[in-house]
Structure formats: structure tokens, C-alpha cells
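**Student:** Okay, here's the prediction I keep looking at, along with the sequence it came from:
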Amino acid sequence: MTSRTLRLSDGGTARVLEAGAGEPLLLIHGVGLRAEAWGPQMGLDAHVIAVDMPGHGDSSPLAEGARLPDYVAWAARVIEALDLGPVSVAGHSMGSLIAAGLAVTRPDLVRRVALVNGVYRRTPEARAAVLARADDIAAGKGSIEAPLARWFNADEEAVRDRVAGWLSCVKQDGYASAYRAFAEGDADYADRLGDIACPLLALTGDGDPNSTPEMSQAMAAMAAQGRAVVIPGHRHMVNLTAPEAVTAELQRWLSTTETL
């Protein structure tokens, strides 16, 4: 596995981890994490490229006030900087919102899209809760214990501790900006998922209270080549807590044909 820094067309930078060979696969992590959060999936049979989101890890931040479309435009610049042609894109949580936006607005760059623990049209109560968390984070009042409690089962302590380390090191400004975009962006592209013609995988854990099985099933149902997978016994960090199952589903998705 190697690390390098991409120079983007707007002057920003994006740090990527790369492994493997073959068809290119871009992995986009969730809020507060970094490229290493895709560790178990770096061994997929593909040219795997995991990127630090803006303001996370070693990637430069976006401008103040950035919202989900700005993150989608950033991801398009990353793909263009890779200069590998269209790529398959998998995103986790906030990364899934970015991946879906890319598939909707830049189908020329996306061969397949996978939405892992994705969010789709929160209920009013869930939306109010996530907006309140965004306010707390912006005010410097966020606690890593709250997301960890939502994301993990009690018997997943080792993985929980690894994720806690990433959350503890994330830059406050980058975290707050991305969380605001995440909190407000669940409906930005929701009405246009039916425009996605490429193979779409929507995957979550059956115990994830915020990226529910119903959300994954609804997203998959909208896409012409959509497929939903629910992993039993797992929550929000399913790619780390059920790595073999998630990696197998992603490998299956990578083997699907690209067009109808």
C-alpha cells in the first residue's frame, strides 16, 4: 500500500492510499475518519484508491460554508486528477452522499456506485437530532463518545478504539464543515437517484439506527440496477465490524456489468 498527494484543479490537495491493480475503485470515508477506515477493503481485486475527505487526514479543506454539492464537485476533481478514466466509487456514510451525488451529476466519471451505511431522507425527528449534533460540533461541544455509542455494539471494543483514535485526531474545522454538509444533505440528490443507470449497491447493518435498512432498500429500489444488502448483527461501521461480508459484497458489485 502506498500513499501520495494529488494536486487538484482548484489548487487543493487530496491524500490517497493505493493498493492492488486492475479496474480503479475510489473509496470515500465518513465524517471524522480518514482513508485508513477502508483498511479491510484495500485488498479488493481492483486498483483501490482510498482518499482523505477535505479537512480530514492530510487533504486540504474546502472553503468555509461548503455544502454537499461542494464535496461532490471535490470528488469529481479527485477523479479527474487520478486520470484513470471513469471509476467505480464506494462511499461510507457522508461518503455515500458524495458518491450518490457524483453518480447523479457526473455519470461520465462513475462506472458503479456503492452506498455503504448511506442516508436517505431522514425522518423529521432524525433530521432535528443530526442538525443539533452539527450545531454542537460547530460550537466545539461535540463528544466522540456519542457517535461511538451509536456506531458500535458492546463486543466491538477493538475496532471501536481504532475509530476513536481517528475521531480524536480529526481537524475541528474539517469535521464541523463536513458534518454540517452531512446533516443537511440527505435530500439533496434523493429525488434523482432514479437517474443512476450504473450498477448501484446500497448496503447497511440491520442495527444501524441512522442509516437504516429501509433507507438502503429505498435507494436501491430507485435505481435501474439497484441492489440492497443488509448485514445482520452490525451497525454503522459495518465495513470494519463485518469486513469479510462487506468485502465480498463489494467484490460481487465490482463484477457486475456497467450498463443496462
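**Tutor:** Looks like it came in fine.
**Student:** May I have the beta-bridge partners of Thr2?
**Tutor:** Taking DSSP bridges as the rule, Thr2 bridges to Glu18.
**Student:** I'd like the distance between it and Ala50.
**Tutor:** Applying Cβ to Cβ, to the nearest Å, the value for Thr2 to Ala50 is 11 Å. For every residue, glycine as well, the C-beta is placed using N, CA and C.
**Student:** cool, and Ser9?
**Tutor:** Ser9 is 21 Å from Ala50, by Cβ to Cβ.
**Student:** Going along the chain, name the helices of the stretch 101-250 of the chain.
**Tutor:** Using DSSP state H, counting those that start in this stretch, the helices found in the stretch 101-250 of the chain span residues 124-138, 145-151, 157-169, 172-184, 213-222, 238-241, 243-254.
**Student:** Contacts only, for the residue positioned nearest the centre of the chain.
**Tutor:** Centroid-nearest residue in the chain: Gly95, 2.1 Å away (criterion: Cα atoms, centre = their mean). Counting by Cβ atoms under 8 Å, 6 or more residues apart in numbering, Gly95 makes contact with Leu27, Ile28, His29, Gly30, Met53, Val116.
**Student:** what about 7 Å?
**Tutor:** Ile28, His29, Gly30 (Cβ atoms under 7 Å, 6 or more residues apart in numbering).
**Student:** Beta-bridge partners for Val116, please?
**Tutor:** His92, Leu203.
**Student:** re the thing from before, neighbour count for Ser9 and Ala50, which is higher?
**Tutor:** Ala50 (27 against 10; other Cβ atoms under 10 Å).
**Student:** Now do the helix or strand encompassing that one: which elements does it pack against?
**Tutor:** Assignment of secondary structure by DSSP states H and E places Ala50 within strand 47-51. When contacts are defined as 3 or more Cβ pairs under 7 Å, 6 or more residues apart in numbering; DSSP states H and E, strand 47-51 sits against strand 13-19, strand 24-28.
**Student:** and the residue nearest to Val229 when sequence neighbours are not counted, what does it touch?
**Tutor:** Excluding the flanking residues, the one nearest Val229 by Cβ to Cβ, 6 or more residues apart in numbering is Leu203, at 4.4 Å. Taking Cβ under 7 Å, 6+ apart, we find Leu203 in contact with Ala114, Val116, Ser216, Val229, Ile231, Val246, Glu249.
**Student:** between those residues, which is closest to Tyr175?
**Tutor:** Nearest to Tyr175 among those: Val116, at 19.8 Å, using Cβ to Cβ.
**Student:** was I right about that closest one contacting Val89?
**Tutor:** No. Val116 is beyond contact range of Val89, at 11.0 Å (criterion: Cβ atoms under 7 Å).
**Student:** For the two, work out which one has more neighbours and name it.
**Tutor:** Of the pair Val116 and Val89, Val116 is the one with more neighbours under other Cβ under 10 Å, namely 33 against 30.
**Student:** now the contacts of Gly95 in JSON lines, with distance to Gly22 and pLDDT?
**Tutor:** Converted to JSON lines, the contacts of Gly95 look like this (distance: Cβ to Cβ, whole Å; pLDDT from 0 to 100):
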{"residue": "Ile28", "distance to Gly22": "19", "pLDDT": "98"}
{"residue": "His29", "distance to Gly22": "22", "pLDDT": "98"}
{"residue": "Gly30", "distance to Gly22": "25", "pLDDT": "97"}
